[in-house]
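[1] I'd like to go over a predicted model; first the sequence, then the structure.
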Amino acid sequence: MATEMTRREWMKAATAALAAATTTSGLLRADEPFATSPSGKGTGSAVAGSAPAGPVVIEGGQVIQPRRELPILRKTQVLVIGGGPAGVSAALSARRLGVDVTLVERYGHFGGLWTGGLVLYVFPMFDRKGKQVVRGMGEEMLKRIEKLDRGAINRKGNPTVDAEAAKYAMVEMVVESGMNVYLHCWACEAILVGGCVRGAVFESKSGRQAILADVVIDTTGDGDVFASAGAGYEKTIYDIGLVSRLGNLDKVDKAKAAEAKAAGAKPPGNLGAATPIPGVTWVNMRGPKADGLDVAELTRIELNSRRAIWKNVERIRQSPGYEQAYLVETAPQLGVRLTRLLEGVSRLTYAEARAGKTFSDAIGCGGVEGSTPVEWQIPYGILVPKTLDGLLTAGRSVSADFKMADILRLIAICYVTGQAAGVAAALSVQDKCPPRKVEIARLQAELKKQDVWIG
Ligand SMILES: Cc1cc2nc3c(=O)[nH]c(=O)nc-3n(C[C@H](O)[C@H](O)[C@H](O)COP(=O)(O)OP(=O)(O)OC[C@H]3O[C@@H](n4cnc5c(N)ncnc54)[C@H](O)[C@@H]3O)c2cc1C
């Protein structure tokens, strides 16, 4: 009986809310800006907590989420969702143009797979002749990291960073920029007004809240926001692995190890590659091909990878000379390489990059990887959804064929696409035009001002 009353009460409230929401005055226009303060510092009033949620009910065997009003956490000009290399680069670059920027991240740190995934090796920064073609925001971040004690090694080649140094450097840059930040905040749905994305709904310890924006940049890596908004995309199945770090490899008894090798002992397991911390290596893992959007698959791979890593460490420690080796940590974030690829205004193919095709809307260049030529250009169109307005993507979810996406997902290229998305979003706000209509010459000029090499 008590349950029946609750449901009836809820139905009454839901009907009233529906009526209020569909009155013309209550509707939002797709082109209406959410402009905040001209200083770009943001004036959106923070809401302390979420309104009490209506109970989720079971009706006819189906779980029903009631309709309810959501508190607005903030109104902003540029909303960047996902604080990986692409998202941080986008947010910082947009902020340089003086617009109000809000960066939201589901975890407690910046860097995405670069730091949380312990993927520490940044490439491809250089062309085949050794010229650095990835500059701009990526180079600025690496310079900050390099200045820190044990922050980075191999800065003149493709650098390897320390994850904690990178996280710290990004915190400094984000805080200095004066943007708004929400950590521990997971975007679960896009807000759509007349075919235009105008924000997103987030879940956090504060409950379910909305952030409204003039332009949204989806840098979740998985296209969570563009998929929710209804943009076209291609889904990929790719290798998923868990990265780890080993310690004490500077304490290997080399004479003992050489003696064992000469006596025919098996080599130790995977010892990984050097990091800026002496004796500590990062151990990459290819992992099985799986669907990075399937929680059951993610769980299975996480559990299996942890077992495999521990077995690898045991094997190493049983190898003569390697007894002191230990597992420093496993990555807090599972290594999902590719999931959703946007259906963009354009789609970069590996054949085009390999042929050195140039683009009138180029926003940057990538360095050599595989058989890519001396340098290759990246068109703006791969960041722009074919149909939706108010939205851009950057990072590992841009529009490309699979072989090219496998290169575009690399960290150095994520800085480039992130920076272009950030500048384009800021120009879209300033010029009051949708991102697809941003003047390319102006976009390229701003990027050059921010030291991007366009080619
Ligand atoms: C095992 C492995 C090895 C690799 N090796 C290399 C290498 O050696 N060199 C190299 O350059 N690259 C390498 N890569 C690729 C590279 O690490 C990633 O492709 C790159 O980090 C992608 O950057 P991104 O910003 O697009 O996405 P991500 O790094 O995935 O960042 C996305 C961010 O968005 C957040 N997020 C996701 N969903 C939501 C949501 N719904 N709401 C809020 N926040 C959200 C995430 O927490 C994360 O911080 C490797 C990748 C893997 C998995």
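    Ah, there it is.

[2] can you pull the buried residues of the longest helix along the chain?
    Scanning the chain for the longest helix, with DSSP state H as the assignment, gives helix 295-318. The neighbour-count check on helix 295-318 (16 or more other C-beta atoms under 10 Å) flags E297, L298, I301, S305, A308, I309, N312, V313, R315, I316, R317 as buried. Where you see a C-beta, it was placed from the backbone N, CA and C, and this is true even at glycine.

[3] which intervals of this protein have sub-threshold pLDDT?
    Counting by pLDDT under 70, the ranges of the chain that qualify are 1-53.

[4] Spell out which parts of it neighbour the ligand.
    Residues of the chain lying close to the ligand by C-beta under 6 Å from any ligand atom are 81-87, 104-107, 112-114, 117, 119, 121-123, 186-187, 219-222, 224, 241, 243, 284, 335-337, 395-396, 409-412, 414.

[5] hmm, 5 Å instead?
    When proximity is defined as C-beta under 5 Å from any ligand atom, the chain approaches the ligand at 82-86, 106-107, 112-114, 119, 121, 123, 186-187, 220-221, 224, 241, 335, 337, 395-396, 409-411, 414.

[6] after the longest helix of the chain, next one along is what?
    Remark: after helix 295-318, the chain's next helix or strand is strand 326-330, criterion DSSP states H and E.

[7] What is the distance between that following strand and the centre of its chain?
    Mean-position distance between strand 326-330 and its chain equals 25 Å (C-alpha atoms, centre = their mean, to the nearest Å).

[8] Okay, now the sheet partners of that strand, with direction.
    Strand 326-330 has the following strand partners under DSSP bridges: strand 244-247 (antiparallel).

[9] Output the partner strand as CSV, nothing but the C-alphas.
    The C-alpha trace of strand 244-247 is given here as CSV (Å, rounded to 0.1, in the frame of the first residue of the first chain):
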residue,chain,number,x,y,z
SER,A,244,52.0,-1.5,-14.5
ARG,A,245,55.2,-0.3,-13.1
LEU,A,246,58.1,-2.4,-11.7
GLY,A,247,60.7,-1.2,-9.2
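
[10] The longest helix of the chain vs strand 326-330, what angle?
    For helix 295-318 against strand 326-330, the angle by axes from the mean of the first three to the mean of the last three C-alpha atoms, to 10 degrees is 160 degrees.

[11] if we can go back for a sec, please, a ChimeraX command that selects the buried ones among the residues of the chain next to the ligand?
    ChimeraX command restricting the residues of the chain next to the ligand to the buried ones, with burial defined by 16+ other C-beta under 10 Å:
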select :82,83,84,85,86,106,107,112,113,114,119,121,123,187,220,221,224,241,335,337,395,396,409,410,411,414
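
[12] Kindly present the buried residues of helix 295-318 as JSON lines, with separate columns for distance to A165.
    Below are these laid out as JSON lines (distance: C-beta to C-beta, whole Å):
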{"residue": "E297", "distance to A165": "32"}
{"residue": "L298", "distance to A165": "28"}
{"residue": "I301", "distance to A165": "28"}
{"residue": "S305", "distance to A165": "25"}
{"residue": "A308", "distance to A165": "28"}
{"residue": "I309", "distance to A165": "23"}
{"residue": "N312", "distance to A165": "25"}
{"residue": "V313", "distance to A165": "24"}
{"residue": "R315", "distance to A165": "30"}
{"residue": "I316", "distance to A165": "26"}
{"residue": "R317", "distance to A165": "28"}
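
[13] Can you tell me the SS state at the residue in the stretch 351-455 of the chain positioned nearest to the ligand?
    As assessed by C-beta to the nearest ligand atom, the ligand sits closest to G395 within the stretch 351-455 of the chain, at 2.1 Å. With DSSP: H, G, I helix; E, B strand; the rest coil as the basis, G395 sits in coil.

[14] by contact count, what packs against the longest strand along the chain?
    Longest strand of the chain, by residue count under DSSP state E: strand 207-218. Applying 3 or more C-beta pairs under 8 Å, 6 or more residues apart in numbering; DSSP states H and E, we find strand 207-218 packed against strand 72-81, helix 85-95, strand 101-104, strand 186-193, strand 196-204, helix 224-229, strand 391-393, helix 411-430.
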